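1. sequence unknown, structure follows:
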């Protein structure tokens, strides 16, 4: 029993450190005044990249929302990059008013698509900043204007504010939204308030063309966004957060595809962690930047989820008191519900329509342990398509808060 106590105590240390890190850098920065970004004239020329695989259904809405940006039309270009398509993505993109960049080599992942584009555009002088979107996104009319404002404040990369276009579709899509609200409110915004870096998260971000060339970025994992973020942290390149640059993502609505999707993300996260662990540790010692520490914590997240499972089982074995365990579970559940209601209210969404997502968000969180176990012990690099079918334009989203 003593040995078990020692083991459980040791296993609880990473969980405690992670929790302390979250509280200190997620809550305390709110004592500082919010950083406001002044509106400046349009001065950045954007090249918008949209990797697309069988996205004929949803891509017109994204292109339409980009064509209607409150930003000078001669200061941004839209490029769709079809790859491995068996549908009419290319034809639909052309008809919608975007330029199409054909890939003349085999690619398997979004990262390989971006590698191709960055190499192809290296010598172009008619733009200075890349903007990356997924084909299922739609974009607020002020997105580019807000990104431009943050870039002009000194950042060389900026993450936009991610929201969900099928927010009320199912409890699962609502839970995804809550997970992104959690990152926006307790990771991105607090870091900016204390002069540190936000993260890059999949889509809806901008990065200076010169930075891509300077760091010689070459994606080699399933999570090219996390990989790019790690390279930025290692090179002490700060990432801004544009809290008013809203874009809307289509989330998975069924449980099985959700586990597959999160499994792929976690496999990529572990790949990045393995590849950049030593450089990140070196950056922490050399630059003493919080962002490198954040990247280390993110890379350790799959292991942490498994540790939480093990310590929960261990604590029950040490204290086989069902009533006490039940009380702890109920309090944790109620705390999560309170947090979810706060986040839905923060973004002025409909609590009633979000009720299923709020009540089942703890299930979404706990189910992440299944994805973590699979990613750790059964990693697979096979890309599985997540179908996007929600034809929702930006006007519908802005009208249906």
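-> Good, I have the coordinates. Computed from a predicted structure; not experimentally measured. Numbering: from 1, shown residues only.
2. and residue 257, how many neighbours?
-> Applying other CB atoms under 10 Å, we find 15 other residues in the vicinity of residue 257. The C-beta positions use only the backbone N, C-alpha and C, and glycine is treated the same way.
3. where in the protein is pLDDT low?
-> In the predicted model of the chain, residues 1, 320-321, 381-384, 401 satisfy pLDDT under 70.
4. ok, which stretches of it are strands?
-> Here the chain has its strands, by DSSP state E, at 46-52, 76-82, 99-100, 129-132, 138-139, 157-164, 205-208, 239-249.
5. Just name the most buried of those.
-> By mean neighbour count, with neighbours taken as mean count of other CB atoms under 10 Å, strand 138-139 ranks first of those at a mean of 27.
6. how about the residue most central in space within the chain, phi and psi?
-> Geometric centre of the chain, nearest residue: residue 201, 2.5 Å, by CA atoms, centre = their mean. With angles defined as degrees, to the nearest 10, residue 201 sits at phi -140, psi 80.
7. Where do the helices of the stretch 201-350 of the chain begin and end?
-> 209-214, 224-234, 255-287, 290-318, 322-346 (DSSP state H, counting those that start in this stretch).
8. Would you mark the buried spots in the last one?
-> It stands for helix 322-346. Neighbour counts over helix 322-346 (16 or more other CB atoms under 10 Å) mark 336, 339, 340, 343, 344 as buried.
9. Any chance of the helices of the stretch 201-350 of the chain in CSV with distance to residue 57 as columns?
-> Shown next, in CSV, are the helices of the stretch 201-350 of the chain (distance: least, CB to CB, whole Å):
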stretch, distance to residue 57
helix 209-214, 30
helix 224-234, 23
helix 255-287, 16
helix 290-318, 32
helix 322-346, 28
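10. Of all those helices, which one comes closest to residue 190?
-> Residue 190 lies closest, by CB to CB, to one member of those: helix 290-318, at 10.3 Å.
11. what's the angle between the closest one and helix 255-287?
-> On the basis of axes from the mean of the first three to the mean of the last three CA atoms, to 10 degrees, helix 290-318 is oriented at 120 degrees to helix 255-287.
12. What helices and strands are in contact with helix 290-318?
-> Where contact means 3 or more CB pairs under 8 Å, 6 or more residues apart in numbering; DSSP states H and E, helix 290-318 is packed against helix 2-27, helix 189-193, helix 224-234, helix 255-287, helix 355-377.
13. Does the first one pack against any helices or strands, and if so which?
-> With contacts defined as 3+ CB pairs under 8 Å, 6+ apart, helix 2-27 has these neighbours: helix 189-193, helix 290-318.
14. Can you say which of the ones you listed is packed in most?
-> Neighbour counts (mean count of other CB under 10 Å) averaged over each of these peak at helix 189-193, with a mean of 21.
15. any idea how far it is from the chain center?
-> Chain-centre distance of helix 189-193: 16 Å, with CA atoms, centre = their mean, to the nearest Å.
16. what does stretch 223-242 give?
-> When distances are taken as CA atoms, centre = their mean, stretch 223-242 is centred 12 Å away from the chain's centroid.
17. now swap in stretch 245-259 and tell me
-> Taking mean C-alpha positions (CA atoms, centre = their mean), stretch 245-259 and its chain are 11 Å apart.
18. Of the strands of the chain, give the one that comes closest to residue 285.
-> Across the strands of the chain, residue 285 has its closest neighbour in strand 239-249 (20.7 Å, CB to CB).
19. so the closest one versus helix 224-234, what angle?
-> Orientation of strand 239-249 against helix 224-234 (the same axes, to 10 degrees) gives an angle of 170 degrees.
20. and strand 239-249, which strands flank it?
-> Sheet pairing of strand 239-249 (DSSP bridges) gives strand 138-139 (antiparallel), strand 157-164 (parallel).
21. show me the contacts for the residue nearest to the centre of the chain.
-> 159, 162, 180, 183, 225 (CB atoms under 8 Å, 6 or more residues apart in numbering).
22. how close does the first one sit to residue 201?
-> Going from residue 159 to residue 201 by CB to CB, to the nearest Å gives 6 Å.
23. same question, the fourth one
-> Counting by CB to CB, the gap between residue 183 and residue 201 amounts to 7 Å.
24. Spell out which residues are contacts of both of these two.
-> By the contact definition CB under 8 Å, 6+ apart, residue 183 and residue 201 are jointly contacted by residue 162.
25. Out of the helices and strands packed on helix 290-318, which is closest to residue 97?
-> Of all these, helix 224-234 comes closest under CB to CB, at 26.5 Å.
26. helices or strands up against that closest one?
-> Helix 224-234 packs on helix 110-120, helix 255-287, helix 290-318, going by 3+ CB pairs under 8 Å, 6+ apart.
27. Relative to the whole chain's centre, how far out is the last one?
-> Going by CA atoms, centre = their mean, the spacing between the C-alpha centre of helix 290-318 and its chain's C-alpha centre is 19 Å.
28. and it with helix 2-27, angle?
-> 140 degrees.
29. what angle separates helix 290-318 from helix 322-346?
-> Using the same axes, to 10 degrees: helix 290-318 against helix 322-346 is 150 degrees.
30. Kindly tell me how buried residue 127 is, as a neighbour count.
-> A total of 17 residues lie near residue 127 under the criterion other CB under 10 Å.
31. What residues does it make contact with?
-> Residues in contact with residue 127, defined by CB under 8 Å, 6+ apart, are 45, 46, 47, 76, 77, 121, 209.
32. Before I go, just wanted to say thanks for your time.
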